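Enquirer: Below is the sequence, then the predicted model.
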Amino acid sequence: SALCNTGSEAVLGAMRIARTVTNRSLIVAFTGSYHGIVDEVIVRGAKNLRSYAAAPGIMPEAVQNMLILDYGTDESLEIIRSRGQEIAAVLVEPVQSRRPEFQPVAFLKKLRDVTTQSGTVLVFDEVITGFRMHPGGAQALFGIKADLATYGKVIGGGLSIGAIAGHAHLMDALDGGYWQYGDDSMPEAGVTYFAGTFVRHPLALAASKASLLYFKAKGPSLQQLLTDNTTYLADALRAISSQHKLPLNIVHFGSLWKIKFNEDVPYGELLFHLLRFNGIHIYDGFPCFLTEAHSKADMDCIIAAFRESVTTLISAEIFKSAIGNKLMQTAERPPVAGALLGRDPQGEPGWYIADKERPGKYLQVII
């Protein structure tokens, strides 16, 4: 393995290794993936298979050796197969942090076969999924072994670090391969340049060692606990959204979860402002993560804040509730003590209380 300062640096190093070893230039990545802040990977593709810089200040020439394809499609597999001899690497975020609900395992297994046949380096960007979803990352979960993998964030224990791991014949491009002092041995592989002042910083290494030893001691049950807690949270938030049939979905993979809008809602971003007002800070539209430090009380607090925020937006008629904006009170907050939600003979929603004079019958509450 090789160490660096960030996940972005790890991705840069993996791309450089692949090009050095294969002596090819083209690298494939996929729409919707995020691979850090290096110029080449801040890129958008087009149907004509041309690539364009995705931010100001990035020169067009910087992305001319990137090919951006749709993730998880047979068409993309065919393009990779047909152009295999010119592709140095296929760079994959196996479960995209922007679309965690999409987990194309069958596609990834076919991609593994296609890249093996062409001698293309398969790179899994596991900066998000590595160690967070399973001790072996997405590779272990899906039963697919990449040629190179990049890591960061999680292993740093709060300090900045990145790492590249992979097959020896690829990693040799960083140091020339095995050799030792005192005899005639020497590096046998051609090397590229990869270095940095704070690479292998002692403080970051100490934090990473502590984190990795903790992961090892806990075993896969740590990640499974986080997955179970995230499922509990996502299911509860999804139930609130489903109750009102709102254009919201709560998607998750492992301990990653995200609030997604299924359609454009004018001023819908106020949901995140209201969550902050109610004590829960979520960066608008970005993925969130549960940690071992989050208790069930913390999760219930998130659920309560979400319910309160949704109720406020329904009351303001920014969200249109399927049970009527005048009925935005939840079952825990009926307009009259003891009232229950129900529907009249025409199927319209309403609040009802027991009719004391007619046991088993109910009276509708007019609000």
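Expert: Received the coordinates, thanks. Since this is a predicted model, take the numbers as computed values, not measurements.

Enquirer: Tell me where the model's unsure across this structure.
Expert: Applying pLDDT under 70 to the chain picks out residues 189, 322-333, 343, 346-349, 367.

Enquirer: And the helices in it?
Expert: Under the criterion DSSP state H, the chain contains helices at 7-22, 74-82, 105-118, 137-142, 168-175, 202-218, 221-244, 270-277, 296-315.

Enquirer: got the CA coordinates for the first one in CSV?
Expert: When you say that, I think you mean helix 7-22. Provided in CSV are the C-alpha atoms of helix 7-22 (Å, rounded to 0.1, in the frame of the first residue of the first chain):
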residue,chain,number,x,y,z
GLY,A,7,-8.7,10.5,-0.8
SER,A,8,-8.3,12.9,-3.8
GLU,A,9,-4.5,12.3,-3.7
ALA,A,10,-5.1,8.5,-3.5
VAL,A,11,-7.3,8.7,-6.7
LEU,A,12,-4.6,10.8,-8.4
GLY,A,13,-2.0,8.2,-7.5
ALA,A,14,-4.1,5.3,-8.7
MET,A,15,-4.7,6.9,-12.1
ARG,A,16,-1.0,7.6,-12.4
ILE,A,17,-0.1,4.0,-11.5
ALA,A,18,-2.5,2.6,-14.1
ARG,A,19,-1.2,4.8,-16.9
THR,A,20,2.4,4.0,-16.0
VAL,A,21,1.9,0.2,-16.0
THR,A,22,-0.4,-0.1,-19.0
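
Enquirer: For that helix, which residues meet the burial criterion?
Expert: Residues 7-22 are the ones in helix 7-22 that count as buried (16 or more other C-beta atoms under 10 Å). Just so you know, the C-beta spots here come from the backbone N, C-alpha and C atoms, and that holds for glycine as well.

Enquirer: Next: the fourth one.
Expert: Using 16+ other C-beta under 10 Å as the burial criterion, the residues of helix 137-142 that qualify are 137-139, 141-142.

Enquirer: picking that back up, most tightly surrounded among the helices of the chain?
Expert: helix 7-22 (a mean of 24; mean count of other C-beta atoms under 10 Å).

Enquirer: other SSEs contacting that one?
Expert: Here helix 7-22 touches strand 2-4, strand 26-30, strand 87-92, strand 121-125, strand 148-152, strand 162-166, helix 168-175, going by 3 or more C-beta pairs under 8 Å, 6 or more residues apart in numbering; DSSP states H and E.

Enquirer: Contacts only, for the residue lying closest to residue 155 once chain neighbours are set aside.
Expert: Counting by C-beta to C-beta, 6 or more residues apart in numbering, residue 155 lies nearest to residue 208, which is 4.9 Å off, once chain neighbours are set aside. Taking C-beta atoms under 8 Å, 6 or more residues apart in numbering, we find residue 208 in contact with 155-157, 159, 161.

Enquirer: please redo it, this time with the cut-off set to 10 Å
Expert: Residues near residue 208 by C-beta atoms under 10 Å, 6 or more residues apart in numbering: 3, 151, 154-157, 159, 161, 163, 201.

Enquirer: Let me know the closest of the residues you listed to residue 240.
Expert: residue 154 (29.6 Å; C-beta to C-beta).

Enquirer: Can you verify my assumption that that closest one contacts residue 215?
Expert: Yes: counting by C-beta atoms under 10 Å, residue 154 touches residue 215, with 8.7 Å between them.

Enquirer: how close does residue 10 get to residue 242?
Expert: 39 Å (C-beta to C-beta, to the nearest Å).

Enquirer: list the contacts for residue 81?
Expert: So residue 81 contacts 87, 110-111, 113-115, 117-118, 120 (C-beta under 10 Å, 6+ apart).

Enquirer: Strands along the stretch 251-367 of the chain, start to end?
Expert: Counting by DSSP state E, counting those that start in this stretch, the stretch 251-367 of the chain has strands at residues 256-261, 288-289, 340-343, 349-354, 362-365.

Enquirer: so how far is stretch 154-174 from its chain's centroid?
Expert: When C-alpha coordinates are averaged (C-alpha atoms, centre = their mean, to the nearest Å), stretch 154-174 and its chain have centres 20 Å apart.

Enquirer: Which residue is the nearest non-sequential neighbour of residue 62?
Expert: Using C-beta to C-beta, 6+ apart and skipping residues adjacent in sequence, the residue nearest residue 62 is residue 39, 4.2 Å away.

Enquirer: Quick check: the one you found vs residue 55, distance?
Expert: For residue 39, the distance to residue 55 equals 9 Å [C-beta to C-beta].

Enquirer: again, but for residue 266
Expert: 27 Å.

Enquirer: Neighbour count: those two, which is higher?
Expert: More crowded of residue 266 and residue 55, by other C-beta atoms under 10 Å: residue 55, with 10 against 7.

Enquirer: Tell me if I'm right that that one and residue 42 touch.
Expert: Yes: the criterion here is C-beta under 10 Å, and residue 55 meets it with residue 42 at 5.1 Å.

Enquirer: Provide a list of residues in contact with residue 91.
Expert: Taking C-beta under 10 Å, 6+ apart, we find residue 91 in contact with 11, 14-15, 18, 27-30, 33, 35, 40-41, 66, 121-125, 148, 150.

Enquirer: Kindly recompute the last result at 8 Å.
Expert: Neighbours of residue 91 in contact, by C-beta under 8 Å, 6+ apart: 11, 14-15, 27-30, 33, 35, 41, 123, 125.

Enquirer: Need the distance between the two termini of stretch 148-162.
Expert: 13 Å (C-alpha to C-alpha, to the nearest Å).
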